[in-house]
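Undergrad: sharing a model that was predicted from the sequence below.
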Amino acid sequence: MFKRILPLQILLILVLGLPITHFAQSSLPSSLIDKISASVVLIEAYRDGQPFSTGSGTFVSDDGLIYTNRHVLEGADDFAIYVLEDPNEPPVLTYFASAELVFPNDVNGSFFDFGVLQVNRDANGN
């Protein structure tokens, strides 16, 4: 029995011992990497006109839906959305959004930390 397990253990050690960068490196074109980078946003949550927390999210549609975590949305009434225009620069305030969907704290006995924002105006309020 141990003779059969030993090769499996050696295989696991070899696979788990490989540097993670080996799996992370890929041949993705830089245009795709730029598109992915632009879809990740910084969210600044506001309560009564005052910023009070930040989080992150991801654009998932062309009409401005952003998936984020419930805890990013809790207690806020408005959200500033910062987009990365240049990977070498800080993100830029580009939009404002409102909470479209905030899952309750307890869904069938399980914690579900998920929420959705909808962009509703640009940085100038238009």
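TA: Received it, and whenever you're ready, just let me know what you need.
Undergrad: how about the helices in this structure?
TA: Ranges of helices in the chain, per DSSP state H, are 2-17, 20-24, 30-39, 70-73.
Undergrad: what pLDDT, on average, does the second one get?
TA: In this model, helix 20-24 carries a mean pLDDT of 48.
Undergrad: state the distance from residue 83 to residue 93.
TA: Taking C-beta to C-beta, to the nearest Å as the measure, residue 83 falls 8 Å from residue 93. The way it works is simple: take the backbone N, C-alpha and C, and place the C-beta from them, glycine included.
Undergrad: between the two, point out the one with more neighbours.
TA: residue 83 (17 against 14; other C-beta atoms under 10 Å).
Undergrad: go ahead and flag the most central residue of this protein.
TA: The chain has residue 57 as the residue nearest its centroid, 3.7 Å off, counting by C-alpha atoms, centre = their mean.
Undergrad: and that residue, how far is that from residue 29?
TA: Residue 57 sits at a distance of 24 Å from residue 29 (criterion: C-beta to C-beta).
Undergrad: do residue 93 as well
TA: 29 Å.
Undergrad: ditto for residue 119
TA: 27 Å.
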